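Participant: Please find the sequence and the predicted model below.
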Amino acid sequence: MFFFKKKRKMMKAVLTPNEDGIHFSFQLHDGKTVAELKLPMAKEDIEKYYKVQGFQQYVAWEELYDSGVLVDSTLPYSEYYELLKDESAKEVLQHLGLPVVEEQVGGKLSLRSLPHEADLVLQLFDAGGRNLDRVGKQAGAIYVLPDRLMLLPERVYRLKQALLDRTNQDMKKSAFANSWPTKQELNLNTFYKTKRITSLMRTI
């Protein structure tokens with residue numbers, strides 16, 4: 001005779017990186033049944049589920065919620081980077097399964113147009129030299145890799161945003177028309193050290 005052990009209920013935080021930040025949702029797993037939980041949880045639901053495995057992740061989410069940094073259950077990247085400056089806040093992020101270390105990357109800026117058109121593309125590479133766009137999916141300050149989430153350095157994220165911001169197009173065209181080097185590709189560190197590109201650098 002076989003005895004099947006009943007699976008315990010489990011609460012799971014679902015992290016969905018997008019261009020603006022990390023969106024949080026929570027699921028309750030009960031065997032093969034998966035139910036979405038309404039956030040923030042009502043008092044009666046908290047009393048019902050506080051002993052469920054994974055509930056501590058909800059407690060961490062509620063800390064973020066109570067601190068006012070969430071926008072519709074999304075943690076904006078600007079707030080994310082600010083939280084990384086506080087050790088206790090970093091622990092909260094870790095409880096939620098978020099990376100708390102900005103991983104160093106290499107980069108290459110390429111000009112795909114005439115200098116005055118400033119059509120730029122930024123390629124990023126991990127420590128092993130792999131093109132991140134080939135091994136993961138980009139979502140704002142995060143790359144979703146097969147086995148983990150990778151957090152970009154804040155200055156790299158801000159550079160990416162400046163390059164994508166359409167409102168800066170005229171400024172970028174002017175800056176790069178006057179300052180673009182002879183080579184159409186340059187190392188990311190070189191880009192940051194190029195003092196003549198002052199207009200763009202003021203935005204990041």
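Facilitator: Yep, it's here.
Participant: What are the buried residues along the helix or strand that contains residue 13?
Facilitator: Applying DSSP states H and E as the criterion places residue 13 in strand 10-17. For strand 10-17, burial by neighbour count (16 or more other CB atoms under 10 Å) applies to 11, 12, 13, 15, 17. Placement of C-beta: from N, CA and C, glycine included.
Participant: Same question for stretch 99-115.
Facilitator: Buried positions in stretch 99-115, judged by neighbour count with 16+ other CB under 10 Å: 99, 102, 105, 106, 107, 108, 109, 111.
Participant: which of those lies closest to residue 73?
Facilitator: residue 99 (19.0 Å; CB to CB).
Participant: So that closest one versus residue 128, what's the distance?
Facilitator: 17 Å (CB to CB, to the nearest Å).
Participant: try residue 136
Facilitator: Relative to residue 128, and taking CB to CB, residue 136 is found at 13 Å.
Participant: tilt between the longest helix seen in the chain and strand 10-17?
Facilitator: Criterion DSSP state H: the longest helix present in the chain is helix 55-67. Put simply, helix 55-67 runs at 50 degrees to strand 10-17, going by axes from the mean of the first three to the mean of the last three CA atoms, to 10 degrees.
Participant: and helix 55-67, what other elements does it pack with?
Facilitator: Packing partners of helix 55-67 (3 or more CB pairs under 8 Å, 6 or more residues apart in numbering; DSSP states H and E): strand 10-17, strand 21-30, helix 87-95.
Participant: Please enumerate the helices of this protein.
Facilitator: Under the criterion DSSP H, the chain contains helices at 43-49, 55-67, 77-83, 87-95, 132-135, 154-164, 169-179, 188-193, 198-202.
Participant: how about the second one: buried residues?
Facilitator: Think helix 55-67. 55, 57, 58, 60, 61, 62, 63, 64, 65.
Participant: Report the spatially nearest residue to the first one, omitting neighbours in sequence.
Facilitator: Taking CB to CB, 6 or more residues apart in numbering, and ignoring the residues beside it in sequence, residue 55 has residue 11 as its nearest neighbour in space, at 5.4 Å.
Participant: Hmm, residue 56 is touching residue 94, no?
Facilitator: No: using CB atoms under 8 Å, residue 56 is not in contact with residue 94, being 11.1 Å away.
Participant: Just confirm residue 13 contacts residue 59, I think it does.
Facilitator: No: Residue 13 is not in contact with residue 59 according to CB under 8 Å; the separation is 10.7 Å.
Participant: didn't residue 31 look like it was pressed against residue 8?
Facilitator: No: the criterion here is CB under 8 Å, and residue 31 misses it with residue 8 at 9.3 Å.
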